[in-house]
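Chemist: Got a sequence here, can you build the structure:
(chains A, B and C)
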Amino acid sequence: MKLNIPAFVAALAVLLSAAHAETVRLAVTTSFHNSGLSDTLLPAIQQELGIEVQLLVVGTGQALRLGRNGDVDALLVHSRDAEEQFVAEGFGVRRCELMYNDFVLIGPKDDPAGVAAAASAAAALSAIATFEKRFVSRGDDSGTHTRELHIWSLADLDPDEFGSWYSEVGAGMGASLNTASALNAYILSDRASWLAFGNKGALALLYSGDAELHNQYAFLQVSQARHSHVKAELASRVERWLSGPRGGELINGFRLQGESLFRHNASCNG
Amino acid sequence: MVESILPLELAGACVRRRGKALVGPVDLTISGRELTMVIGPNGSGKTSLLRMLHGLERTRDGTLSWAVSKELARRRQAFVFQTPILMRRTVVENIAYPLIVRGVGRKHAREKAVQWAARVDLDAYLDRPASALSGGERQKMTMVRALITDPEVLFLDEPCASLDGTSTREIEELLIQTRRQGTTIVMSTHDLGQARRLADRIVLLLRGKVHEACSAEGFFRQPATAEGESFLQGGIVE
Amino acid sequence: MNDFLQGLIEAFRLLVTLDQDLVEITLRSLQVSLTAVLIATAIGAPLGSWLAVTRFRGRRQAIACINALMGLPPVVVGLFVYLLFSRSGPFGVLGLLFTPTAMIIAQVFIATPLVVSISHQGLRELWAQYHDLLISLNTSKRQRMTTLIWDGRRALLTAALAGFGRAIGEVGAIMIVGGNIDQATRVLTTAIALETSKGNFSLALGLGIILILLAIAVNLAIHNLLRTERASLW
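Modeler: Residues are numbered from 1 along each chain as shown, chains lettered A, B, ... in the order given. Here you go, the predicted model:
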């Protein structure tokens, strides 16, 4: 095997000098990306602002970590407490609420725990715990997982005390839905991921509508004071565009399988 | 005239494996331009002795010394192994290899290798892989690979051990020519006929020790010891 | 069974239509993994050769370490390389995170132990054959190493192909350091992971079939190259 070292060095040089055009790196959660909304928004941003948004699709925990380390220019996540802490610690410029959708409770079509008729999200989860029907939890400190834990606490229940019917899979939304589908189990999902999910099996959407299931997405620009290389100017433009009328129009108009998924409710504070 | 690396002197030298002496202690001197034949039964230590002389085995206890430094002496010796060591290369590349490692240019090394190949009738196989050669051809190739650097001392460890008559004759002819050109040869054999045909001097090795060392003529006329006589007559000697 | 069939159909569709995205991620997969293996071999061949011809205290331990490194989970390598190249890490200023270069670096870490280990095994056998001859010819250590590398090039090729197999099929490390960014760092394996997470099993399976075909094609291409190199068998 001949090693053509000069050619290799040349190739490496080309790679290293790859043009850093007008690109912004945005860490987003799987639930946002799986909906397909990004496929509508990114080309529009490219066209109207001339900015290429590179998406890093990760869990909320990893997204916040990437932001803290300065590896992305902005975040689009849905975990309010963690977001506020991120801003308070000075990693984010401000928290800009952008849009919302909702979480939904998914489960076997025959609904053995009878959650469909529950009076609230907490009551629905209580029913699952009472009947000890199989439940799949993200278990990955994501926004969805945080919300699930919040609702258990509203029902005065502690998942640490649950039996084997409660499975923490420690995976992303898609992987967790795959597991739930295989186990024919209950699971809390965001509406977008559920609609876009291609392996529904015998699962169905059983419960939704409680105010506690409100799922707010926020845009967080990483602070240039912390990480001087961050492309603050470009990220600001993306933020303004998303929270402005064009963003609103595309977000409200986005439909998946005939359903409107996100409501634009832009409000930036700080 | 280049300074001779000879004599080679062994004094009380041993080869040990895991503490056990395979050879020695041996006192022996190799000087003159002659062919020294090491004979002895299987397991008597012929191979180990030759390897020690060439520096492939560490000398324990006693001393091994050349007329010049070991490094200098090393450059003027060559070794032919009982089982030919074939490099995964063509015949001509195998023969040229010792020149290449000495810094001779590829073109010149190849020219010389081609000449040497012709001397042992390998010219038809120059660009074939060495592994395609027959047993006799392989040993002829390793012979000329050893001779291409024009060594002053040539060691051979039973070079004809597994060869047919024709190949043995060709190798012996090459050895006779080599000796005639002034190369000192030290070799081993288990073939008394070969010892008779080639040897100027005989070293009879028994149980790792030099039992007799004398002129070939004298040895074959009348061995000095009873074991020597028994070995010569084909008896079992331990 | 239906999923398998769908996967085959999907692979066939992607191949026949020469899907633009597919071509792009396939080429990127090749670029990243081949470059990584080239570097891994440039490190592994001399190191394997050096380990074969050198005796030193702690050699066994060094070889044991390299063999153990072969089992390193790619995710760990990915995390390690991420921490090195994160903006907050020691090499952050280079801005290499989430680029193909970072993916190559991660795969070099993954492939090199394998290439070193397999090279060493092959060259050690060759060294056992050559040992007496090369000592007798008074060769320098450098000459011994280069002779082993040249004469053992088939073993090295086997090592390189094994390294390529590990690199091209790896997802854990490049997902972390590459980020699976569409049009920038997405490769076959990360695309498969993404489609699986979306529940698009047939597309994921189709991409998997293409990945295997690609690996087979690379292996065959290199073996053919060798066969024509010299019409001989050693």
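
Chemist: burial of B:Val101, as a residue count?
Modeler: 19 (other CB atoms under 10 Å in any protein chain shown). Bear in mind the C-beta positions are built from the backbone N, C-alpha and C, glycine included.

Chemist: Repeat that for C:Val93.
Modeler: Using other CB under 10 Å, the number of residues around C:Val93 comes to 10.

Chemist: In three-state terms, how would it be classified?
Modeler: Under DSSP: H, G, I helix; E, B strand; the rest coil, the three-state class of C:Val93 is helix.

Chemist: residue in chain B nearest to chain A?
Modeler: Nearest to chain A, among the residues of chain B, is B:Arg88, at 14.6 Å (CB to the nearest CB).

Chemist: Enumerate every residue touching that residue.
Modeler: With contact set as CB atoms under 8 Å, 6 or more residues apart in numbering or on different chains, B:Arg88 has these partners: B:129-131, C:126, C:151-152, C:234.

Chemist: Quickly list what A:Ser189 is bridged to.
Modeler: Here A:Ser189 sits in beta bridges with A:Val104, going by DSSP bridges.

Chemist: immediately after the worst-scoring helix or strand of chain C on mean pLDDT, which helix or strand?
Modeler: Least confident element among the helices and strands of chain C, by mean pLDDT, DSSP states H and E: helix C:2-17 (a mean of 83). Proceeding N to C from helix C:2-17, the next assigned helix or strand is helix C:20-53, under DSSP states H and E.

Chemist: Pull out the buried residues from that next one.
Modeler: For helix C:20-53, burial by neighbour count (16 or more other CB atoms under 10 Å in any protein chain shown) applies to C:22, C:25-26, C:28-53.

Chemist: so how far is stretch A:181-190 from its chain's centroid?
Modeler: Between the centre of stretch A:181-190 and the centre of its chain there are 17 Å (CA atoms, centre = their mean, to the nearest Å).

Chemist: Contacts for stretch A:194-209, please.
Modeler: Residues outside stretch A:194-209 that contact it (CB under 8 Å, 6+ apart) are A:34-36, A:102-109, A:111, A:115-116, A:118, A:121, A:124, A:174, A:177-178, A:180-182, A:184, A:186-187, A:189, A:191, A:256-257, A:259, A:261, C:198-201.

Chemist: Please flag which of those residues sit within strands.
Modeler: Among these, the members found in strands (DSSP state E) are A:102-108, A:186-187, A:189, A:256, A:259.

Chemist: circling back to that earlier point, let me know the helix or strand that the residue of chain B closest to chain A is in.
Modeler: Using DSSP H and E, B:Arg88 falls outside every helix and strand.

Chemist: With B:Tyr97 as the reference, measure out to it.
Modeler: Noted for B:Arg88: a distance of 11 Å to B:Tyr97, by CB to CB, to the nearest Å.

Chemist: and if you look at C:Ala106?
Modeler: Using CB to CB, C:Ala106 is found at 41 Å from B:Tyr97.

Chemist: likewise B:Gly40?
Modeler: As defined by CB to CB, B:Gly40 lies at a distance of 32 Å from B:Tyr97.

Chemist: picking that back up, helices or strands up against the least confident helix or strand of chain C?
Modeler: Applying 3 or more CB pairs under 8 Å, 6 or more residues apart in numbering or on different chains; DSSP states H and E, we find helix C:2-17 packed against helix C:201-229.

Chemist: Report the distance from the helix it packs on to the chain centre.
Modeler: Distance, centroid of helix C:201-229 to centroid of chain: 14 Å (CA atoms, centre = their mean).
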